[in-house]
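Participant: below: sequence and its predicted model.
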Amino acid sequence: KRKGKISATMEYLLSQEDIKTKTADQINTVLREQFSFDNFRWQQENGVKITEKFRADSLNRVLYKCPNCLAEGETEGKGTTLTCKNCGKTYILTEDGFMKAEKGETEFSHIPDWYAWQRECVKDEILKGEYKLEEAVDIYMMIDTKCVYKVGDGKLTHTKDGFELVGCSGELQFSLPSNLSYSLYSDFYWYEIGDVISIGNSKVLYYCIPKTCKDIVAKARIATEEIYKLKALKKTVN
């Protein structure tokens, strides 16, 4: 836990009259604009210092791709630095939230810019037909409000066509088409078990924990969003 002051601002955005006169797209535009927020920009503009010596711990879960050598899953966030184990390049996370290369060029000083670059890389993979996630996972299920049940293990696959989960010695098979997922619920260190990718429908939710502990959940979320946008764009053009 990093110490720091937090704040919230409440605004009255839409009245009942506004909602009656606006289309769904117009309402969504208002919500999208108002709920877009850059935490790092806010930190920097307000002079907030995060001084803990562990402030970069696990930053690799978000910044999983090295901009120097382009290796994926080789970054390690520890202490105040993010280091690529493939090429050895090290970046310091400063107290005011900037990234700074220890030596050489700082490709991205602003973390959201680094993340946006990763998004463009994933989009390029999808367009070239190269994107595919295939991972051995532990499987948890939620079918009621009582608890989450661990049911076994299996394999999770993600492509431009969607998600495919097979497990429990073949007794479990679940597919989620890409046109049904505009985003993905993925989380880091979920209930202190591990990173998680969650898929499902109104009847069941599956929580998939990668067995390899690779940093894949951020990329899976980006890919889900970009695949959906490309499908929606194709549908609009057609």
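Facilitator: In hand now; what should we look at?
Participant: list the contacts of Asn60.
Facilitator: Neighbouring residues of Asn60 by CB atoms under 8 Å, 6 or more residues apart in numbering: 75-77, 82, 215. (Each C-beta comes from the backbone N, C-alpha and C, glycine too.)
Participant: wait, a helix at it?
Facilitator: Yes - the assignment for Asn60 (DSSP: H, G, I helix; E, B strand; the rest coil) places it in a helix.
Participant: where along the chain do the strands fall?
Facilitator: Per DSSP state E, the chain carries strands over the ranges 75-78, 81-84, 90-93, 99-101, 133-142, 149-159, 162-167, 172-177, 185-190, 194-200, 205-210.
Participant: including mean neighbour count, could the ones you listed go into a markdown table?
Facilitator: Formatted as a markdown table, the strands of the chain follow (neighbours: other CB atoms under 10 Å):
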| stretch | mean neighbour count |
| --- | --- |
| strand 75-78 | 18 |
| strand 81-84 | 21 |
| strand 90-93 | 20 |
| strand 99-101 | 17 |
| strand 133-142 | 18 |
| strand 149-159 | 17 |
| strand 162-167 | 20 |
| strand 172-177 | 14 |
| strand 185-190 | 16 |
| strand 194-200 | 21 |
| strand 205-210 | 22 |
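Participant: quick one: which of those is nearest Asn39?
Facilitator: Judged by CB to CB, the one of the strands of the chain that comes nearest to Asn39 is strand 90-93, at 13.3 Å.
Participant: how close does the residue of the chain positioned farthest from its centre sit to Glu76?
Facilitator: Distance from the C-alpha centroid of the chain peaks at Glu17, with 35.9 Å (CA atoms, centre = their mean). Noted for Glu17: a distance of 53 Å to Glu76, by CB to CB, to the nearest Å.
Participant: go on, Thr212?
Facilitator: Distance check for Thr212 against Glu76: by CB to CB, it reads 15 Å.
Participant: low-confidence bits of the protein, can you list those?
Facilitator: Scanning the chain for pLDDT under 70 picks out 236-238.
Participant: how about 90 then?
Facilitator: Across the chain, residues meeting the criterion (pLDDT under 90) sit at 1-9, 35-36, 145-146, 212-214, 231-238.
Participant: longest helix in it, please.
Facilitator: Counting by DSSP state H, the longest helix found in the chain is helix 217-237.
Participant: now it: buried residues?
Facilitator: The neighbour-count check on helix 217-237 (16 or more other CB atoms under 10 Å) flags 217-228, 231 as buried.
Participant: who are the contact partners of Thr81?
Facilitator: By CB under 8 Å, 6+ apart, Thr81 lies in contact with 56, 90-93, 102.
Participant: redo that, cut-off 7 Å
Facilitator: By CB atoms under 7 Å, 6 or more residues apart in numbering, the residues touching Thr81 are 56, 90-92.
Participant: pick the one among those closest to Lys235.
Facilitator: Among the contacts of Thr81, Tyr91 lies closest to Lys235 (CB to CB), at 39.7 Å.
Participant: please name the bridge partners of the closest one.
Facilitator: Counting by DSSP bridges, Tyr91 is bridged to Leu82, Ala101.
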